[in-house]
Structures are given as structure tokens and as C-alpha cells.
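> Kindly generate the corresponding structure for this input.
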Amino acid sequence: MAATGNAEEMQLQETEEEAEMEREMESDEEEGMGIENSDNDEDDSSEDEKENEAEIQRLEEQLSINAFDYNCHVDLIKLLRQEGELPRLRKARQKMSELFPLTEEIWLDWLKDEIHLTEEEPNREKIYELFERAVKDYICPEIWLEYAQYSIGGMGQPGGIEKVRSIFERALTAVGLHMTKGATVWEAYREFENAILATVQPPPGSVPTREQQEHLNTQLERIYTLFRRQLAIPLMDMEGTYAEYEEWSDQGVSDTITQKYKRALQQMEKSKPYEETLIAAEPPKLAEYQTYIDYEQKEGDPARIQIIFERALAENCLVPDMWAKYTKYLDRQLKIKDLVLSTHERAVRNCPWTMGLWKNYLLALERHGADHNTISDVFEKALNAGFIQATDYVEIWQAYLDYLRRRVDFSKGESTLTLESSRELEELRAAFTRSLDYMKQDVEERFSESGDPSCTIMQVWAKIEALHCKNMQKARELWDSIMTKGNAKFANMWLEYYNLERSYGDALHCRKALHRAVQCTSDYPEHVCEVLLTFERVEGSLEDWDAAVQKTETRLNRVNEQRAKVAEKEAHLARQEEEKTEQRRKAKADKKNQKKGQKGTRPGEKRKAEEEDYEEEWGEESEQPPKRPRGEGHGGFREDGVGADESMDTESGLFGRRAPPVRRQEPSGTKRGQHGASTTVRKTQEDDQEQRKDDCSVFISNLAFTMEDPERRLKELFEPCGPVQSVRAVYAPKGFRGYCYVQFEGKASVTEALKMDRQEVDGRPMFVSPCVDKTKNPDFKVFKYNTNLEKHKIFISGLPFSCTKEQLEELCKDHGTIKDIRLVTNRSGKPKGLAYVEFEDEAHASQAVLKLDGTVLQEHTLSVAISNPPRRNAADKPALSRPVGSMVPRNMVYGSRGKGRTQLSLLPRSLHRQTGSESKAENGTAPKPTDGTSGDTGFEAQAKPLSNSDFAKMLLKK
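I've put the predicted structure just below:
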């Protein structure tokens, strides 16, 4: 047995030695392979480093050209952090923080990097300064928590514990009310105090001294206080905090604390739906935050209103309206200087292009007593902010000039001004002069307009000189300059100057101003003349009265002569237009009669002529306007889907007409009753025409041709709008044409029916338009395309066809309040990849263009511009002088099957008719073309039909 045991031990030793040798060999192989892999990795990393360095240099060069490229800053910081270039990384972050507020992620990365660097070289004060800058940009619980935890590391220094407590208290003030993240700060604060409690407790079994017991009681009271404060605030999952307090407290929970906890719990339950909505929504959650803010403002708790505003702005920092609403609330409700001014500063840093924020910032600085240099510096920054409208510069200058005017003490008059007030007055005058130069040079060069056509700044300056400085000479010089800038033709400008002279000047200059006004005014000369006569009636002598009467009579006679000439010219143009219309109508009637004569000479054509006559009377084909060129849909809100058919049916006076009778191939024995049937149809039309009312009807188009029983379907569809009197569908020989007329019993129903425009019916958008008889209103246009610059609306092209209104709203809502979104579609409802987005404010639209142009949506690059549709040329209008051939239905030109693929004629060449004025006919003379159109080809162009013998002769000639 012993031998057997020794053999087993030796066998085990041998097995272990073999396994050890195998492991050594594997390790050697791995080391060899590791050397080879490390060489490959070094080569790859060196190539990556070169590429990254080249990209870093490119980004730095781009920032040297445009320092305000936000994305370029972000990319540069990411690359430098990846490469570990800490000095360059710190410099890049510093430059970006001077221009923009940094996001929470950038700040946390920066803070962690700096903390790691200071571990080797302790310099906590620099980190504290960096944290102070970070908490000022946005209210972020994570940054405050990181700040407090970092300060705990310095609690061993003198005053370290008190510093930690002060940071925690500031964190609770800033984010302690955050319903979803505030609890983490409270819990961290309690853990810190519990850690201190563990240090002051006496060892087990020992009796604490009196001093130790006092320290212990004080620390316990701190923790109790933190629990009580937290339980009085509505926070998510506060039930767990209450249970922890019950377990921790030896004396139980008092009734007062329980009551506060229940009130906070009720408040949390009220706010919980809003929090859940925010959690479920996708960023930036602007609409959800707006609803939450409205709720908190109704509740009226200033601290909760402030925290929800801060939460909203952290995710919507580029929405000027949100900043304006927040600063307005702080200015009117809280009025805390540090909070108000810091918020205004953050607002203009986030949205520097918004003039209103700068204007409110200047007012807030003046309201809270900021020094003059600070206000002047802010104003200079505003001038360099890059506003998007010329009028913005006018308003910001007016705000600054108002501030300078309020600095001057005019209570004692200019002659008794103190030295300081006199210096302030000279500064005000210098600012007025600078503003005029700035508007003339900088603003006009950039926008091609001054932004102040009525010279508001000069008017205010003149009034200040007249009222406060008693310097009418300077005021008159300013008004002379105002009038030379194109304002002399406006009566209101002269009356403004007259009122200034009336209040602060003398009668002589009042009379001069009114005489000049009578001579120059072109918009309301009668009113100016009346003011002059009234003035002379009160102030003037007989000579002055006579001169005024003569002046006004001469001027008014000249004005009346000019108006008479203009009226005569307009009447002449109107008569010419009427004559042209009458000529076109006569030419059309002559051509119609001639066509009837030509068609009536052929056997078997009588019925066809009657039917064509019937069609032309109803205007179903003859007045069809030309199709609009593709791509000219930019402008207006009707170009998507309003095709040639709808424009024709609405504008050509087809309201209320019944469908023409369906042509069917009938036996020859039925021809005898054709005339009687036609007479019956026309009689029915005349009877229905008397019952039709345009003002009680709507025109429906773009319906599916396959709709079954359209009269019943549309009656059921429009009955909610009001009692339907009749539904008249329009039919073609092949069936329903896709449009009809719905007549209601009352006019009020029409308004409701028009609201159903674009409603989907059988997978197609149904167009609902007002009914107007074009024969009674020839100039009426249902669809008018806007050809003016629409500054509040943007035009987006390049959209994916799958883009929806909701996706487009999500894309655009960050840049302002949206009034309307319209996706451009064709008549079948399919998208064209175009859209119009209308904002409430022009500034929002301009901001959207700057931010959205060139962005990528679903792998499609978007082109965004302010809506500026081109003016429609003559080719876009329904042409009255088109060739007759364009009015002929397609099946009449190419046959019942339309245009063939091969375009080959199936007639023998000997039977072809030659076209052109110089061609000769094989059987008699060729008919003459009418109204400038080419001669008709085929057998219809012959004045005399060919007989069988004629055909035989033509074939034999071959």
C-alpha cells in the first residue's frame, strides 16, 4: 500500500512537471507573438497620431478664421483629450468658455482632467475657481455634487469642514428642489454629516465627557435638521426617505414633521405627471417644459418656478423666448440683483443674436444701479453681436440713448447744469451723432437699408434739444435733415414738426413749416391745407389769411388736375382692356361658328358637332389653363397639389353645372330621338341654373375617379357642416371626373365646409374651394400665389419623402414658436420633399435658417432659406391666346387611345394630307387656316369630303 501511494505521488509530480513545461512554452509563444503585435500596434498608433495631429492643425486654423464656430471647438477639444495634449487642451477649453457657456459634459470632463493633474501638484484653489465658473453656466446637479465631493477631500485643512458645509448649502439652494435629481445632493450631505458623527462618538463602553456629549448632540441635531428639511420638499421617491428617518430616529416622528411630509407628498403627486411626461419625451422637450412652467407659475412658488426654468434652459439654451420669459419673471417678481443680472448675462451669451435680450439686459443693469462703464461695455458687446435685422440696431441704439438721457439732470435747465451733468449732456449728444453715423455706415452697408426710414432717433434728439435744452436752432437743423431723407412727401412728418414748433418755437416758424408742408406733401394735401387755414384763422393777419388761401387753392387745384389725369389714364386702360376682351370673345364666337359650319357639312358629324358645342358651352375642355412648369412651386400656400384641373374648374365658371350626357354607341335607329333628348337636357340645365347659388356652394376637386356614388358619399361627408341642398357631380364619357359642386341651404355652412380643405378621402387630399362664376367675375382668382418676401416663413427642400409633420416640428421647434407647418404634396397626396414652416417672429425664422441650412436628416442634406417666391411671369397665367390645338382634348388629337408609342401613321402615304399654307390638295384646294393656327391635317381639314370614286382615283395614280 505504501509503495502504491509513493507511485501515485511520483505520477502526480510528473504530470505537474509536464503541465508546467507546457505552460512555459505557451507563455514563450505568447511573448513572441506579443512582441510582433506590439510592433504592429505601434505602427498603427503612429499613423493615427499623425492623422489626428493634421486634423488638430486644421481645426485650429479654422478657428483662427472663425472663432465662433461652436462645433469646431467641440471637435478640437475631443481630439486633444484623445491625444492627451493637456496644455493645448486646457487652452482650447479656456478659449471656448470665453465665447460660449459650456455644456455639462464638457465641464465634467474638464474638471476631472484638472483634478487628476493637481493630484501631483496640489493646488485646490484653482480647482475651486473652475468649479465656480462651471456652476454659473447652467444649474446642473451633477456638477454641484462633484463640487461637494471634491471639497470633502480638503476637509482636513483649516476651516475645511465649514467650507464643505457651505458648498453643500449652496448646492441645496441651487438644485435641492430638483424633483428627480435633488435627492442625491440631500443624501450626499447626510452621508457627510454621518461620517462626522462617527468621529465624535465615544468608544463603546466609555463615558463621554460633557464637551463630547455637546458635540454629539450638536451633530445629531444637524442630521435631524437635514431629514426634516428634505421631508418638507416634494421630491421623487420621498417615501424611502421618510422610512429611513423613522428607522434612524430614536424618539419617533413628530406630528409636525408628518404633516409637512404629507403636504410635500401631495405636491409631489400633483407634479408627478409633468415629471413623467418629461421622462418619456425626447430632447429638447420644449413643449413639455413650457406646460410644466405654466403649472408652476399658477402654483406661485418662486423657488420652484426658478428651478423649472433652469431645468428647461439647460436643455433649450438656444431658445430666446425661454430666456426672455425667465428674465421677465425675475425682473418683475424676484428682483434679486445678483440672480437677475447673472441670468441676463447668461441669456445674451447663449443667444447673442437676439436684440430683445440685450435691450432687457441694459435696462436691468440700469435698474439695479450698475456703473456707467459696465453698461457701456455691455452696449458695445451688443453692437458686435451680429443682429439679423437693421431695425434691431435702431432699437438697441434707442435703448442706450434713453439710458444716457436719464443720466442727465435737466431739472434746472441747461444754463444751470452742473459740471457733471454738462459732461453727461455732451456725452449724450456725442452718442446721438455716433448713432447716426453708425446707422449710415455700418448698418446701411450690411443691410442696404438704414432700418430707420422715419428717422426716429433724430426726432427724439430734436425733441430733447427743444424741450430740455431750449435749443430750437439745433432742433430745426435736425428736422431739415429729416425732411431731406425722403420724408418731405408725408403729411404726418410735417405735422410732427409743426407740433414741435407749436410747443417750443414761435408762430413765424410754424407758418413756414406749414407753407412748406402744403408745397411738398403728396399723400394727404387736403389735411395739411386745413391745418394751415386753421392756424391762420387763430394766429394770422388778413394778409396771412389771404396768402394761405391762395397757397392752398393753388396746391389743391394742381393736385386735382394730377388726380384727374391719373383717373383718365386708368379709365383709358380699362376701356382698352374691355375692348381686347370683347375682341377675344368675338373671335372665339366666330371660330366656334366656323368650326360648326365645317363639321356640319360632313355626313354623320351632326351629333358630334352638337356634343362639342355642348362641351364648349360648359367649358370643360376649352378653358383649361396650361400646366405650370415643374419646380415653380416656391411661394404661396397652394402650389402643392393645385394642378391644372382644379385651377380650370374653379376659375372658368363651371359652378353648378351638370355633367354632359354620356356618349354611348347606339343603333342607327335611335338617331331620330337625339334632337329631343338634347332639348330636354338643355331645358334641365336652364332650370337648375336658376336654382344655383354661388354664395351657398363650394367646389370639390381632386377626388378619385373610381369613387362610387359620389353624390351620396359627399352628401354624407358634408352634412356635419350644415343641411346639403344638392350635390352635382361632373361626369365625362368614361365616368366620374373627380370634381363636383356641393350646395348648402345657408351661407354659414360654406365657412365650415372650407375648413375641410385637404381632408383625406380615399387616400387622396380633397380640395375644397369657394364657388365663383368666372363669367360674372372674370378677374377672380381662387388661388393667389404670394410673390413677396416672407421673413417669418422658411422654405425647406431636400426632405426625405418619409418625413412627417411631427418630425419637422421636432427639428424646427428649438429655434422659435411655430405657427404652421405644411408639407408640399402632389395631387395624389404624395410628398415632394419640400416644406414651409411659418414662425411667429421673423427673428425665429432667420435663426432657423442659420442653424438648419445644410443639416442632414435621414441621410438627406436640407437646404433652408427664407421664403422668397419668384414673381410669376406670363407663362404662369392662364393664357387666352394659346393655340387652338392645346384646347382640343387628347383623344381628339391622337385618337381614343391617346398618343401611340411609335408615332407611325397607319394610313397609306398616298392618303396623307400635306400641311402648310403652300401645300396643294389632291382633291380641290386646301382649306385656309384660321386665327393663326396651322391648317388642320387629316380628313377633317377638307372643305368637301372625298367620295369612293375619289379614293379610287388617288390609289390608281400610284
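> got the contact list for the helix or strand harbouring residue 171?
Remark: residue 171 resides in helix 160-175, with elements defined by DSSP states H and E. Contact with helix 160-175 is made by 135, 139-141, 144-145, 147-148, 151-152, 154-155, 181-182, 185-186, 188-189, 192, 196, 229, 307, as judged by CB atoms under 8 Å, 6 or more residues apart in numbering. Bear in mind the C-beta positions are built from the backbone N, C-alpha and C, glycine included.
> What helices and strands are in contact with whichever helix or strand comes after it?
Counting by DSSP H and E, the next helix or strand C-terminal to helix 160-175 is helix 182-200. Helix 182-200 sits against helix 141-152, helix 160-175, helix 210-231, helix 238-248, with contacts defined as 3 or more CB pairs under 8 Å, 6 or more residues apart in numbering; DSSP states H and E.
> Let's have those in CSV, adding mean pLDDT, distance to residue 445 and mean neighbour count.
As requested, those are exported to CSV (pLDDT from 0 to 100; distance: least, CB to CB, whole Å; neighbours: other CB atoms under 10 Å):
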stretch, mean pLDDT, distance to residue 445, mean neighbour count
helix 141-152, 92, 44, 20
helix 160-175, 93, 45, 18
helix 210-231, 91, 60, 15
helix 238-248, 91, 61, 14
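> Compare those helices and give me the one nearest residue 528.
Evaluated with CB to CB, the helices and strands packed on helix 182-200 place helix 160-175 nearest to residue 528, the distance being 62.6 Å.
> and the closest one with helix 141-152, angle?
170 degrees (axes from the mean of the first three to the mean of the last three CA atoms, to 10 degrees).
> quick one, helix 160-175 and helix 210-231 angle?
Going by the same axes, to 10 degrees, helix 160-175 makes 10 degrees with helix 210-231.
> Using PDB, list the CA coordinates for helix 160-175.
Taking Å, rounded to 0.1, in the frame of the first residue of the first chain, the C-alpha atoms of helix 160-175 are listed here in PDB:
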ATOM      1  CA  GLY A 160     -12.300  72.600   5.600                       C
ATOM      2  CA  ILE A 161     -15.400  71.200   7.200                       C
ATOM      3  CA  GLU A 162     -17.200  74.500   7.200                       C
ATOM      4  CA  LYS A 163     -16.200  75.000   3.600                       C
ATOM      5  CA  VAL A 164     -17.700  71.700   2.700                       C
ATOM      6  CA  ARG A 165     -21.000  72.600   4.500                       C
ATOM      7  CA  SER A 166     -21.200  75.900   2.800                       C
ATOM      8  CA  ILE A 167     -20.800  74.300  -0.600                       C
ATOM      9  CA  PHE A 168     -23.500  71.700   0.300                       C
ATOM     10  CA  GLU A 169     -25.800  74.500   1.400                       C
ATOM     11  CA  ARG A 170     -25.300  76.400  -1.900                       C
ATOM     12  CA  ALA A 171     -25.900  73.200  -3.800                       C
ATOM     13  CA  LEU A 172     -29.200  72.700  -1.900                       C
ATOM     14  CA  THR A 173     -30.200  76.200  -2.700                       C
ATOM     15  CA  ALA A 174     -29.400  75.800  -6.400                       C
ATOM     16  CA  VAL A 175     -30.700  72.200  -7.100                       C
END
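> quick check, distance from it to the centre of its chain.
The chain centroid and the centroid of helix 160-175 are separated by 43 Å under CA atoms, centre = their mean, to the nearest Å.
> quick one on the thing from earlier: make a markdown table out of the helices and strands packed on helix 182-200 and add distance to residue 744.
A markdown table is the format used below for the helices and strands packed on helix 182-200 (distance: least, CB to CB, whole Å):
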| stretch | distance to residue 744 |
| --- | --- |
| helix 141-152 | 61 |
| helix 160-175 | 61 |
| helix 210-231 | 65 |
| helix 238-248 | 60 |
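> Quick one, which of these gets closest to residue 765.
helix 141-152 (48.7 Å).
> Summarise which helices and strands the closest one is packed against.
helix 104-118, helix 124-137, helix 160-175, helix 182-200.
> most centrally placed residue in this structure?
Nearest to the geometric centre of the chain sits residue 839, at 3.7 Å (CA atoms, centre = their mean).
> in the protein, which helix or strand is least confident?
helix 644-651 (a mean of 37; mean pLDDT, DSSP states H and E).
> Flag the shaky bits of the stretch 301-450 of the chain, pLDDT-wise.
412-418 (pLDDT under 70).
> swap that for the stretch 751-900 of the chain, sorry
773-787, 827-829, 870-900.
> cutoff 90 now
Within the stretch 751-900 of the chain, the stretches with pLDDT under 90 are 751-767, 769-793, 798, 800-834, 836, 838-863, 865-900.
> Please, where are all the helices along the stretch 251-400 of the chain?
255-280, 286-299, 302-315, 320-329, 337-350, 355-367, 372-383, 390-407 (DSSP state H, counting those that start in this stretch).
> Take the ones you listed and write them to CSV, including distance to residue 577 and mean neighbour count.
Formatted as CSV, the helices of the stretch 251-400 of the chain follow (distance: least, CB to CB, whole Å; neighbours: other CB atoms under 10 Å):
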stretch, distance to residue 577, mean neighbour count
helix 255-280, 61, 14
helix 286-299, 52, 16
helix 302-315, 59, 20
helix 320-329, 49, 20
helix 337-350, 57, 18
helix 355-367, 48, 20
helix 372-383, 53, 15
helix 390-407, 40, 19
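> how about CSV for those, with distance to residue 695 added?
Putting these into CSV (distance: least, CB to CB, whole Å) gives the following:
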stretch, distance to residue 695
helix 255-280, 47
helix 286-299, 40
helix 302-315, 49
helix 320-329, 42
helix 337-350, 52
helix 355-367, 45
helix 372-383, 55
helix 390-407, 42
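> So which residues of the stretch 1-150 of the chain form helices?
According to DSSP H, counting those that start in this stretch, the helices that the stretch 1-150 of the chain contains are 2-65, 70-83, 86-99, 104-118, 124-137, 141-152.
> Going by mean pLDDT, which of these comes out lowest?
Lowest mean pLDDT within the helices of the stretch 1-150 of the chain: helix 2-65, a mean of 60.
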